[in-house]
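J.: Quick one, what's the 3D model for this:
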Amino acid sequence: MRFIPFIQTTRLLALAGALALAAPFAHATGAGFGANLIVNGDAEAGVGSSDGGLGSTPGWSLSSNLSTVQYGAGGGFPTASDAGPANRGLNFFAGGDSNGASRASQVIDLSAYAGAINSGKTQFDLAGWLGGYASQGDNATLSATFLDAGGNVLGSASLAPVGAAERHSQTGLVARDTQGYVPVGAVTVGIALDMQRLDGSYNDGYADNLSFAIAPVPEPGTWAMLAGGLALLGGLAKRKQRKA
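T.: Sure, this is the predicted structure:
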């Protein structure tokens, strides 16, 4: 039986909060609270490689041979039927050929949210699907580092890599997410996707559907709205699982 990962309740709660509270704060920025601020987090903006070679990866600064690869590419890469997001699109991120470590990074400007962030009542949600190949230990890590106007680190968060045991030694990706408070004084957040090779010659760290979103912390009177939003998201998630 193929291992099917599940979406954690904590992420649904965070997303429900974003949906319930986004409307009153949408004027803060063009993206709005609750929106995914990562550029090309789903690897769909470029053309994926059909054989594991270099694909185009707009929106990211790359080191080594980190690439965008098509699902079903020759050589045993993840396919559309392997474990992973239901809305996986055409491409995913892969560590690349002949390198022990590779990285994709980008910097997100949070200045439009300064008022909310400096009130100390802004939360973030960092999420993504991470994985690897068969029984190999190659893996991916997604991290967010918050910086003030002087470039000083105020805090960070990361998604733990997915090991072969968690994937039941099958090729595929598993959902990861974490939440917390945006540090007061943060004006940018650096997003880094790191791939590590532990076996073989190809760096088979895989990732897809990466997201970073922020939202105001709900006041006590908004929990009824959150419960309704959570129930709605839960129903949508179940329908997506039945379709997958």
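J.: sec struct for residue 114, please.
T.: Put simply, residue 114 is helix when judged by DSSP: H, G, I helix; E, B strand; the rest coil.
J.: next one: residue 77
T.: In terms of secondary structure, residue 77 is coil; the call rests on three-state DSSP.
J.: Count the neighbours of the residue nearest to residue 71 when sequence neighbours are not counted for me.
T.: Spatially, and ignoring its direct neighbours in sequence, residue 71 is nearest to residue 80 (5.2 Å; C-beta to C-beta, 6 or more residues apart in numbering). Backbone N, C-alpha and C define where each C-beta goes, glycine included. The local packing count at residue 80 equals 11, with neighbours defined by other C-beta atoms under 10 Å.
J.: What residues does residue 80 make contact with?
T.: 71-72, 88 (C-beta atoms under 8 Å, 6 or more residues apart in numbering).
J.: Tell me which helix or strand it sits in.
T.: Take DSSP states H and E as the rule and residue 80 turns out to sit in neither a helix nor a strand.
J.: Counting neighbours, which of the contacts of residue 80 comes out on top?
T.: Result: residue 88 is most packed of those (other C-beta under 10 Å), 21 neighbours.
J.: By pLDDT, rank the contacts of residue 80 and give me the bottom one.
T.: Among the contacts of residue 80, residue 88 carries the weakest pLDDT, at 93.
J.: what is the nearest residue to that one once chain neighbours are set aside paired to in the beta sheet?
T.: By the measure of C-beta to C-beta, 6+ apart, the closest residue to residue 88 outside its immediate chain neighbours is residue 208, 5.8 Å from it. Legend: beta-bridge partners of residue 208 under DSSP bridges are residue 129.
J.: same question, the one 4 residues further on
T.: In this structure, residue 212 bridges to residue 126 when assessed by DSSP bridges.
J.: my guess is it contacts residue 36, does it?
T.: Yes: with contact defined as C-beta atoms under 8 Å, residue 212 and residue 36 form a contacting pair (6.8 Å).
J.: more neighbours, those two?
T.: The residue with the greater number of neighbours, taking residue 212 and residue 36 and applying other C-beta under 10 Å, is residue 212; the counts read 21 against 15.
J.: That one and residue 114: what is the separation?
T.: As for residue 212, its distance to residue 114 is 17 Å (criterion: C-beta to C-beta, to the nearest Å).
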